[in-house]
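In: sequence? don't have it. structure:
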């Protein structure tokens with residue numbers, strides 16, 4: 001009887017500490033590695049920085065295209081840009097231009 005009482009006095013608190021440690025360990029693990037954990041947050045921040053860089057590049061491209069389209073509007077046509085686009089679309093050359101064939105075609109081929 002005395003031996004069982006000692007075991008209970010020793011094992012019951014030990015069991016409670018082990019269970020409490022396991023619960024704390026579970027939450028600490030998921031706070032670090034879970035869906036909303038520290039590592040996931042850092043990965044999302046890196047992704048945000050990457051996407052903001054892409055967004056800045058796309059905004060720059062859009063501004064360039066908007067500037068080029070504005071130059072082709074009827075009220076203020078940029079003659080050089082209009083001539084360039086007309087030559088590309090009509091496959092025409094000026095009589096003083098020289099054509100150098102490089103093997104790859106930038107213009108779309110006609111069939």
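Out: Structure received. The structure displayed is predicted, hence computed values, not measured ones.
In: So what's the residue count around residue 21?
Out: Residue crowding around residue 21 was assessed by other C-beta atoms under 10 Å; the count is 10. All C-beta spots, glycine's among them, are computed from the backbone N, C-alpha and C.
In: Could you look up the SS state of it?
Out: When the structure is reduced to helix, strand and coil (DSSP: H, G, I helix; E, B strand; the rest coil), residue 21 reads as helix.
In: With residue 101 instead?
Out: Judged by three-state DSSP, the three-state class of residue 101 is coil.
In: can you tell me how far it sits from residue 89?
Out: Distance of residue 101 to residue 89, computed by C-beta to C-beta, to the nearest Å: 20 Å.
In: could you point out which element follows whichever strand or helix holds residue 8?
Out: According to DSSP states H and E, residue 8 maps onto helix 2-33. Following helix 2-33 in sequence order, the next helix or strand is helix 38-71 (DSSP H and E).
In: Next, the angle from the next helix-or-strand element following that following helix to helix 38-71.
Out: Using DSSP H and E, the helix or strand that follows helix 38-71 in sequence is helix 79-90. Regarding helix 79-90 and helix 38-71, their directions subtend 100 degrees when assessed with axes from the mean of the first three to the mean of the last three C-alpha atoms, to 10 degrees.
In: which residues sit against helix 79-90?
Out: With C-beta atoms under 8 Å, 6 or more residues apart in numbering as the test, helix 79-90 has contacts from 68, 71, 72, 92, 93, 94, 107.
In: and what of stretch 14-24?
Out: Under the criterion C-beta under 8 Å, 6+ apart, no external residue is in contact with stretch 14-24.
In: Report the rounded mean pLDDT for the helix holding residue 8.
Out: Model confidence over helix 2-33 averages 89 on the pLDDT scale.
In: same question, stretch 92-102
Out: For stretch 92-102, the mean per-residue pLDDT is 74.
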